[in-house]
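> Sequence and predicted model, in that order:
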Amino acid sequence: MSVKYKLAICNIFNNDVHGYDNYSSSNIHSQYLIYTIIDIEEFYNDDYKDLINNIKNGYKRWILFMKNQNNIISHPTIRNYYDIINAETSYKIDIIQEDTLSGGEQVGYIKTFWIKIIQRRWRKIYNERKKILKIRQSVFSIREKQMTGKWPKEARNWPKFNLELK
């Protein structure tokens, strides 16, 4: 059984850091290279945190080296590359779908953003439910429910969670 999604630490490919030659895939510049795949035991034991710190320190040393050499840190397709690699939040575990390119590079397609979409959607539904509960708790609403068997119009529809993106 093949696992479709994995936990991994990934980095944006850069010629200056990772190297590029005649055998490299032509679309490698827009990919996330897999630094390491994290198994479930490493995740629960927090063993991956040392790896993240090593990557972060390596990039900090590389940035310092590039600045000392008066080299500009840039990327062929990403304009704010320096800001991305300099940010603390760029060194993390992501949910990825693993792939191997024609040049043999292992890349990961980041899927973590789906969690954020689901969280946003749920937060919106939760806030709508809180508003409806507040309306339903009012004396007016309770009396309306007792007399008609229905909640007032603004409190009738209970928001449900579905993944249809609006």
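Ah, there it is.

> all strands for this protein, in order.
For the chain, applying DSSP state E gives strands covering 6-12, 32-38, 93-100, 106-110.

> Relative to residue 159, how far out is residue 102?
Taking Cβ to Cβ, to the nearest Å as the measure, residue 102 falls 47 Å from residue 159. Any C-beta I mention is one placed from the backbone N, CA and C, and that applies to glycine too.

> and if you look at residue 143?
Residue 143 is 24 Å from residue 159, where distance means Cβ to Cβ.

> Show me which helix runs longest in the protein.
Ranked by residue count under DSSP state H, the longest helix found in the chain is helix 113-136.

> what sits against the residue lying closest to residue 4 once chain neighbours are set aside?
In space, and not counting its chain neighbours, residue 4 is closest to residue 97: 6.5 Å by Cβ to Cβ, 6 or more residues apart in numbering. Neighbouring residues of residue 97 by Cβ atoms under 8 Å, 6 or more residues apart in numbering: 4, 5, 6, 108, 109, 111.
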